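K.L.:
quick one, fold the following:
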Amino acid sequence: MSPFTRAFRSRVGGALAAVATTAALVLAGAPVAQAEDVRSRQWYLDAMKAEEMWKVSTGKGITVAVLDAGVDPTVPELRGKVQIGADYTADVTGGSEGGAETVQHGTNMAAYIAGTGAAGGIKGLAPDAHIFSIKVATPGMKGMFGLAGVLSKAIRHAVDEGSRVINISIGGTSGAGQEEEFQAAVDYALRKGALIFAATGNDGVGFVEYPAVVPGVVAVGALDTKGKVAKFSNYGDHVGLAAAGDQLPGRCEKDKTRFCSKFGTSGATAIASASAALIWSAHPDWTGNQVLRVMMETAGRNGPVPSKYIGFGGVRPAQVLLEGKGDPGPADVNPLLAARGQASPAPGDSAAPKNSPSAASTGAAGDNGTSKGSQAAPEAAAKSGEGGFPLWVIVASAVAVVAVIGAVVAVSVRRRRA
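P.N.:
Below is the predicted model:
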């Protein structure tokens with residue numbers, strides 16, 4: 001029995017086992033006023049010193065695969081930036097009954113990563129990165145049956161097509177008996193030099209969802225506008241990193257021309273993926289292991305390391321790009337697996353994926369191993385922001401944005417899939 005299967009069986013009660021597919025970004029009640037206001041509401045870009053980082057790196061040359069319910073390549077900020085890959089949804093047996101979720105979830109993830117901000121749209125943290133969209137889920141999908149097998153195929157497809165970073169902002173309670181197949185796909189990606197980021201889940205419970213719980217996948221939790229762990233963010237010993245995931249503007253599910261306030265570990269995962277793209281673009285000779293190592297070493301934290309709430313801390317690519325911090329270390333040792341006493345998959349025939357394809361040539365659609373500290377932290381500490389991100393707290397713009405959004409957003413309605 002695999003480690004993540006044992007963890008699942010030992011920690012999930014009857015109630016959780018019955019939970020359907022969970023997405024990590026949820027639809028909030030009120031739309032953001034106008035497209036022109038979107039950039040001003042992206043508080044995390046200012047907190048992360050994005051404008052300064054873009055003078056050093058914009059993610060150019062890095063392809064990020066978005067495994068989701070699809071990406072709409074016609075929205076202004078993604079035009080000419082998206083390559084449409086395979087559609088594996090015919091192999092999913094979860095169905096698509098109910099739910100108002102649409103392709104906007106994947107579209108928002110892609111925009112958080114690589115949006116250009118055109119026509120008042122979302123500005124991505126890595127605006128020159130390339131998006132490779134692979135459809136693995138259907139709107140309103142219920143259950144995880146068949147999804148692990150689909151994700152396995154999608155991961156291999158993403159790596160074979162040149163993706164260096166793989167973003168999975170969907171999750172659930174189990175792999176539906178396909179854990180070994182999925183683990184083999186993860187190991188394949190790691191051998192080829194890619195990085196995989198996945199969302200921990202949005203129930204605020206001590207259970208990291210599948211596939212984020214799988215060894216080799218970087219499980220990403222969410223931080224709020226004050227840099228503290230978000231109340232909805234799932235936690236546990238498998239959490240690797242955290243990123244901004246609260247009050248993020250995103251295109252509304254029912255009307256893509258409008259923007260709604262979003263929250264969830266989905267958006268946090270996308271921002272972590274974009275952070276990796278920024279660093280990798282600036283250091284193209286580094287392996288995925290080295291990129292991940294400097295992300296872990298420079299992450300913001302204040303408490304136990306790793307923390308079961310934010311793992312090794314909140315991502316801070318500015319520490320690497322602007323301050324030159326972080327030791328890339330050995331190229332062939334996965335720092336997250338090493339920190340947990342697990343071996344890294346041996347490099348395959350190709351230590352790194354092939355060069356990322358350009359939108360023009362591929363027919364784009366639409367035009368450190370830190371030592372293990374105490375892993376126990378009281379729940380009260382999480383609720384009060386134990387292990388927070390000090391860099392973000394001091395950013396005055398975040399405070400202003402919280403006030404503006406608080407006046408616009410009514411009651412947030414959590415969805416199980418977004």
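
K.L.:
ok, which stretches of the protein are strands?
P.N.:
In the chain, the strands defined using DSSP state E lie at 22-23, 26-32, 63-68, 82-87, 130-135, 165-168, 170-171, 195-199, 218-223, 239-244, 248-251, 259-263.

K.L.:
which strands and helices sit next to the third one?
P.N.:
Judged by 3 or more Cβ pairs under 8 Å, 6 or more residues apart in numbering; DSSP states H and E, strand 63-68 is in contact with helix 104-114, strand 130-135, helix 147-160, strand 165-168, helix 265-282. Where C-beta positions appear, they are placed from N, C-alpha and C, glycine not excepted.

K.L.:
7 Å instead?
P.N.:
helix 104-114, strand 130-135, helix 147-160, strand 165-168 (3 or more Cβ pairs under 7 Å, 6 or more residues apart in numbering; DSSP states H and E).

K.L.:
just want the angle from that strand to strand 82-87.
P.N.:
50 degrees (axes from the mean of the first three to the mean of the last three Cα atoms, to 10 degrees).

K.L.:
quickly compare the helices and strands packed on strand 63-68 and say which is most buried.
P.N.:
helix 104-114 (a mean of 31; mean count of other Cβ atoms under 10 Å).

K.L.:
ends of stretch 233-241, what's the gap?
P.N.:
Taking Cα to Cα, to the nearest Å as the measure, stretch 233-241 stretches 12 Å from start to finish.

K.L.:
can you lay out the helices and strands packed on strand 63-68 as CSV showing mean pLDDT?
P.N.:
Listed next are the helices and strands packed on strand 63-68 as CSV, based on pLDDT from 0 to 100:
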stretch, mean pLDDT
helix 104-114, 97
strand 130-135, 97
helix 147-160, 94
strand 165-168, 98
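
K.L.:
in a markdown table: the ones you listed, plus distance to Pro345.
P.N.:
Shown next, in a markdown table, are those (distance: least, Cβ to Cβ, whole Å):
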| stretch | distance to Pro345 |
| --- | --- |
| helix 104-114 | 25 |
| strand 130-135 | 22 |
| helix 147-160 | 12 |
| strand 165-168 | 15 |
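
K.L.:
which stretch among the ones you listed comes nearest Arg251?
P.N.:
With respect to Arg251, and counting by Cβ to Cβ, the nearest of these is helix 104-114 at 4.9 Å.

K.L.:
mind giving me the packing neighbours of the closest one?
P.N.:
strand 63-68, strand 130-135, strand 248-251, helix 265-282.

K.L.:
list the contacts of the second one.
P.N.:
Just to be clear, that refers to strand 130-135. For strand 130-135, the surrounding residues in contact (Cβ atoms under 7 Å, 6 or more residues apart in numbering) are 62-67, 69-71, 78, 81-89, 106, 110, 113-114, 154, 157-158, 161, 163, 356, 359.

K.L.:
and the angle for it with helix 265-282?
P.N.:
140 degrees.

K.L.:
now Asp72: how far from Val159?
P.N.:
24 Å (Cβ to Cβ, to the nearest Å).

K.L.:
the bottom helix or strand of the chain by mean pLDDT?
P.N.:
helix 359-362 (a mean of 29; mean pLDDT, DSSP states H and E).

K.L.:
ok, back up a step: for Gly245, which of the helices and strands packed on strand 63-68 is the nearest?
P.N.:
helix 104-114 (10.0 Å).

K.L.:
so who does Gly117 touch?
P.N.:
Arg39, Glu77, Lys123.

K.L.:
ok, now with 8 Å
P.N.:
Applying Cβ atoms under 8 Å, 6 or more residues apart in numbering to Gly117 gives the contacts Val38, Arg39, Glu77, Lys123, Gly124, Pro127.

K.L.:
how about Gly206?
P.N.:
Per Cβ under 8 Å, 6+ apart, neighbours of Gly206: Arg11, Asn234, Tyr235, Gly236, Lys308.

K.L.:
one more time with 6 Å
P.N.:
Tyr235, Gly236 (Cβ atoms under 6 Å, 6 or more residues apart in numbering).

K.L.:
before we move on, what about Val56?
P.N.:
Ala282, Leu321.

K.L.:
ok, Ile122 next?
P.N.:
With Cβ under 6 Å, 6+ apart, Ile122 has these contacts: Val38, Glu77, Ala111, Gly115.

K.L.:
again, only using 10 Å
P.N.:
35, 38-39, 41-42, 45, 75-78, 107-108, 110-116, 248-251, 259 (Cβ atoms under 10 Å, 6 or more residues apart in numbering).

K.L.:
mind checking which of those are buried?
P.N.:
Buried subset of those (neighbour count, 16 or more other Cβ atoms under 10 Å): 35, 38-39, 41-42, 45, 75-78, 107-108, 110-116, 248-251, 259.

K.L.:
ok, Asp203 to Glu161 distance?
P.N.:
33 Å.

K.L.:
ok, the two, which is more surrounded?
P.N.:
A direct count of neighbours by other Cβ atoms under 10 Å for Asp203 and Glu161 places Glu161 higher, at 19 against 16.

K.L.:
pretty sure that one sits against Thr63.
P.N.:
Yes: Glu161 is in contact with Thr63 according to Cβ atoms under 10 Å; the separation is 7.7 Å.

K.L.:
what ranges in the stretch 51-200 of the chain fall below the confidence cut-off?
P.N.:
93-102, 140-146, 174-176 (pLDDT under 70).

K.L.:
swap the cut-off to 90 and go again
P.N.:
89-103, 137-149, 171-179 (pLDDT under 90).
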